[in-house]
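>>> Sequence first, predicted model second:
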Amino acid sequence: MKISHEDKVFYPEDGLTKGDVVGYYRDVADAMVPHLRGRPLTLRRFPDGIAKQGWFQKHPGEHFPDSVRVESVPRAGGGTDDYVVCDDAETLEYLANQGTVEFHVWLSTVDAPTCPDRLVLDLDPPDGTPVAELRAAARRIRDEYERVGLTAFVQATGGRGFHVLAPLDAKSDTDVVLELSRALADRVAATGPDRLTTAQRKEKRGDRIFLDANRNGYAQTFVAPYSLRARPGAAAATPLDWRELGKAEPDGWSLAKEKQRPARKDDPWRALDEHAASAETALAKLPSAE
DNA sequence: GGGCAAA
DNA sequence: TTTGCCCAACGCCTA
DNA sequence: TAGGCG
Ligand SMILES: [Mn+2]
Ligand SMILES: [Mn+2]
């Protein structure tokens, strides 16, 4: 596919062009596409670069070609909504060439939109949080997951925090998964030495790390693995081996560095779906759950 | 990035 | 012919 | 019921 406006500057502070962005998505497609496949997408598009106004887009553009998969999923309040779904490298490249910088995905697939196959806890630190504290919190989340039979995977978000994710069997409704994620978050916040809070209201958080379970609600999204972020630095969301976490920074993988990674090293999340577990079983193992 | 209506 | 506008929505909480 | 929050 021909890249249009290849030399247009997309990241002015980093000297990166649209050609660099589309080339990046070409290079990571093998690792990234499995994490997009079948999932409703939210695109964050910046056709004139990240310094100009961009927008979120979930419904397919009228001009998108037929080769771009579109699926209808139930809307919470009744009716349905059309979403773009990216199942292959060609679609990824097309969307990147449309100026998509960030890709966000549902925690469920179009086959079972109301039964998530992912659970995620999101660490949102206030300014000035030492990264060591963030890493320690991620490990404690992992330990809580494992106590209830979930397998934990971690990614640097490319922003300010980490995501700790567990694959699920997609047999429990969003309600159950949300309840489980909240119970896990509350346990981590209540039992550890870390300065963590699950309070939604900013004024109640103080100077603590926000442990966000809200991404597990219906029709919510999280940043897709290997997605670039639309901020100076051109960091990418980057799945990590737990052994790498000790020296990982949330925004430590730039476009240039990242794009060799999946080729050089297996995707740390490659085996995700082999570890799918039951949310109901996990919930039953939680002492605090009724 | 591109379609579309208004100026 | 050029310019401007549109391109998301939602869940779940607390006040 | 409106607004905060992500
Ligand atoms: Mn976050
Ligand atoms: Mn968050």
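The structure has been received and is ready for your questions. Ligands and ions are numbered 1, 2, ... in the order given.
>>> alpha carbons only for contacts and neighbour counts from here, please
Fine.
>>> first vs last residue of stretch A:253-273, how far apart are they?
Using Cα to Cα, to the nearest Å, the end-to-end distance of stretch A:253-273 comes out at 24 Å.
>>> How many neighbouring residues does A:G192 have?
Neighbour count of A:G192, defined by other Cα atoms under 10 Å: 13.
>>> now A:Q98
A count of nearby residues for A:Q98, using other Cα under 10 Å, gives 17.
>>> Kindly state the domain boundaries assigned to chain A.
In terms of domains, chain A is parsed into A:9-110+A:219-270, A:118-217+A:275-281 (source: automatic domain parsing).
>>> How confident was the prediction at the one residue sitting closest to the centre of chain A?
Residue closest to the mean C-alpha point of chain A, counted by Cα atoms, centre = their mean, is A:V223 at 2.9 Å. Here, the pLDDT recorded for A:V223 equals 97.
>>> which residues touch the residue of chain A found nearest DNA strand C?
Of all residues in chain A, A:A76 sits closest to DNA strand C, at 3.0 Å by Cα to the nearest atom of the strand. A:A76 sits next to A:Y218, A:A219 when contact means Cα atoms under 8 Å, 6 or more residues apart in numbering.
>>> what about it, distance to A:F10?
Counting by Cα to Cα, the gap from A:A76 to A:F10 is 35 Å.
>>> Ok, A:K171 next?
Distance, A:K171 to A:F10, using Cα to Cα: 41 Å.
>>> Those two: who's more crowded?
Counted by other Cα under 10 Å, A:K171 and A:F10 do not tie: A:F10 has more neighbours, with 27 against 17.
>>> which residues touch that one?
Going by Cα under 8 Å, 6+ apart, A:F10 touches A:L16, A:T17, A:K18, A:V21, A:F46, A:D48, A:G49, A:I50, A:A51.
>>> Does the second one touch A:G23 like I think?
What that stands for is A:T17. No - applying Cα atoms under 8 Å as the test, A:T17 and A:G23 come out as separate, 9.7 Å apart.
>>> And for A:G233, the neighbour number?
A:G233: 21 surrounding residues under other Cα under 10 Å.
>>> tell me the pLDDT at it?
Per-residue confidence (pLDDT) for A:G233: 96.
>>> does it sit in a helix, a strand or a coil?
Following DSSP: H, G, I helix; E, B strand; the rest coil, A:G233 is assigned to coil.
>>> Which strand or helix spans A:D30?
A:D30 belongs to helix A:18-36 when assigned by DSSP states H and E.
>>> before we move on, the earlier item: am I right that the residue nearest to the centre of chain A is in contact with A:F103?
Yes - between A:V223 and A:F103 there is a contact at 6.2 Å, judged by Cα under 8 Å.
>>> Give the closest residue to A:P225 in space, chain neighbours not counted.
Among residues not flanking A:P225 along the chain, A:A237 sits closest, at 5.2 Å (Cα to Cα, 6 or more residues apart in numbering).
>>> Just give the number of residues close to the one you found.
Residues contacting A:A237 under the criterion other Cα under 10 Å number 28.
>>> from what I can see it touches A:Q155, true?
Yes - between A:A237 and A:Q155 there is a contact under Cα under 8 Å: 6.6 Å.
>>> Please enumerate the shared neighbours of these two.
In terms of Cα under 8 Å, 6+ apart, A:A237 and A:Q155 are both contacted by the residues A:P225.
>>> Now do the contacts for the residue in the stretch 51-200 of chain A that DNA strand B sits nearest to.
Across the stretch 51-200 of chain A, no residue is closer to DNA strand B than A:Q98, which sits at 3.8 Å (Cα to the nearest atom of the strand). Applying Cα under 8 Å, 6+ apart to A:Q98 gives the contacts A:R45, A:P47.
>>> One more: the one 5 residues further on?
With Cα under 8 Å, 6+ apart as the criterion, the residues that contact A:F103 are A:L41, A:T42, A:L43, A:R44, A:V223, A:A224, A:S227, A:L228.
>>> How much space separates the nearest residue to A:R69 once chain neighbours are set aside from A:G38?
Once flanking residues are discounted, A:R69 sits nearest to A:V85: 5.3 Å by Cα to Cα, 6+ apart. For A:V85, the distance to A:G38 equals 6 Å [Cα to Cα].
>>> List, one by one, the residues from the stretch 151-290 of chain A near DNA strand C.
Applying Cα under 7 Å from any atom of the strand, we find that the stretch 151-290 of chain A lies next to DNA strand C at A:T174, A:D175, A:L178, A:Q200, A:R201, A:N214, A:G217, A:Y218, A:A219, A:Q220.
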